[in-house]
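Here's my sequence, what's the structure:
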Amino acid sequence: MTRLEPTWEFWEILFSRDSDREETREFLTFKADRGRWELDRTRIYRDGRKKVRLRRKVYRIEKAM
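Numbers count the residues shown, from 1 in each chain. So this is what the prediction gives:
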């Protein structure tokens, strides 16, 4: 029996300084619920832009020989 380790898939999203906190929260919550994404990293720049990195596990299925 082969034990498969999960690998991670990442997705970086940039939010403009004009996007409000509630819109950002709703979008990230929707992606977490529907796409099984989880928050990996958040960065807020001095000018107000937000950069968010999401991640999710991806399991590779190998054929048994």
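
tell me the SS of the closest residue to Arg49 other than its chain neighbours?
In this structure, Arg49 finds its nearest non-sequential neighbour in Arg17, 5.4 Å apart by CB to CB, 6 or more residues apart in numbering. For the C-beta atoms, the positions are set from N, CA and C on the backbone; glycine is no exception. Per DSSP: H, G, I helix; E, B strand; the rest coil, the local secondary structure of Arg17 is coil.

residues touching Arg17, list them.
If a contact means CB atoms under 8 Å, 6 or more residues apart in numbering, then Arg17 has Asp47, Gly48, Arg49 as its contacts.

wait, the last one sits on Asp18?
No: using CB atoms under 8 Å as the test, Arg49 is too far from Asp18 to be in contact (9.6 Å).

The two: which is more packed in?
Each of Arg49 and Asp18 has its neighbours counted (other CB atoms under 10 Å); Arg49 has more, 14 against 8.

low-scoring stretches of this protein, by residue?
Scanning the chain for pLDDT under 70 picks out 1-5, 63-65.

The spatially most central residue of the chain - nearest residue in space that isn't next to it in sequence?
Taking CA atoms, centre = their mean as the criterion, Leu54 is the residue nearest the geometric centre of the chain, at 1.5 Å. Distance criterion CB to CB, 6+ apart; nearest residue to Leu54, sequence neighbours excluded, is Trp37 at 4.1 Å.
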